[in-house]
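>>> Dropping a prediction and its sequence here:
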Amino acid sequence: MSPLMSRSLGLLVLALGLVSFTPARAEAPVKQPDLISFEGGYFDFDKSEKNKQSGDIRAEYRWGLSMLPLISPYFNSWDKYVQFHPYAGLEVTTLGALYGSGGWAMDGYIGRHGIFTWSEGVGLYNAGDMTTLGSVVEFRSQAELGYRFDNEMRLTGQISHISNAGLTKRNPGAEIVGVYFHVPTSMFCNR
């Protein structure tokens, strides 16, 4: 992980820690809705080579299914504060890179409207006109912090890292920063 990524994640964790000490109680829904998520950002913002930096666009589907209670009924009480959800998505860059991935997203609720999401995923990557990341298989770690509206829509800022985790000798990785807009699927169809 690059020093910039480490510092950014450290600041995000510090901000989360400060916000989490507010007296408001988490008021997460018992069942979170399925979300369609759209992201716009900047791919490899910390690099200076022109063949690496580009615009970043993502679309994801995040299921509302909370996975922890499926493991054990003991975790039902945790849903008010933290939930793990599966996701699948597709990411493209303005230089033609394509990344399809899936994994899980952990939502931590901060007060009535705050939301912190940590996600981990794995997928297949095609570099297009960009410099390759060393492998077809790439992993993504991401942190989001944002606002959850009363209608369950969300607006979050994100910072993420994609790399092959040492599967090959070449592993330059990429850092991405961006903004997500999450919309419940019920706003698109009557479900």
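Noted; the coordinates are in hand. Just so we're clear, the structure is a prediction, and the values are computed from it rather than from any experiment. Numbering: from 1, shown residues only.
>>> Which residue ranges of this protein form strands?
Ranges of strands in the chain, per DSSP state E, are 35-43, 54-62, 82-93, 98-110, 114-126, 137-148, 154-163, 174-184.
>>> Correct me if wrong: residue 88 contacts residue 61.
Yes - between residue 88 and residue 61 there is a contact under Cβ atoms under 8 Å: 5.5 Å. C-beta here means a position set from N, CA and C on the backbone, and glycine is covered the same way.
>>> Residue 73 - how many residues pack around it?
Using other Cβ atoms under 10 Å, residue 73 has 9 other residues around it.
>>> same check, this time on residue 124
So residue 124, with other Cβ under 10 Å, has 12 neighbours.
>>> Check it and give its pLDDT.
You'll see residue 124 listed with a pLDDT of 97.
>>> Now for it: which residues touch it?
Neighbour list for residue 124: 99-101, 136-138 [criterion: Cβ atoms under 8 Å, 6 or more residues apart in numbering].
>>> Could you pick out the buried ones from these?
Buried by 16 or more other Cβ atoms under 10 Å: 99, 101, 138, out of the contacts of residue 124.
>>> How about the first one: what's its closest non-neighbour residue?
If I follow you right, that is residue 99. Closest residue in space to residue 99, ignoring its immediate chain neighbours: residue 91 at 4.3 Å, by Cβ to Cβ, 6 or more residues apart in numbering.
>>> surely that neighbour meets residue 54?
No - if you go by Cβ under 8 Å, residue 91 and residue 54 don't touch, sitting 11.2 Å apart.
>>> Find the residues that touch each one of those two.
residue 97.
>>> where's residue 171 relative to residue 56, distance?
20 Å (Cβ to Cβ, to the nearest Å).
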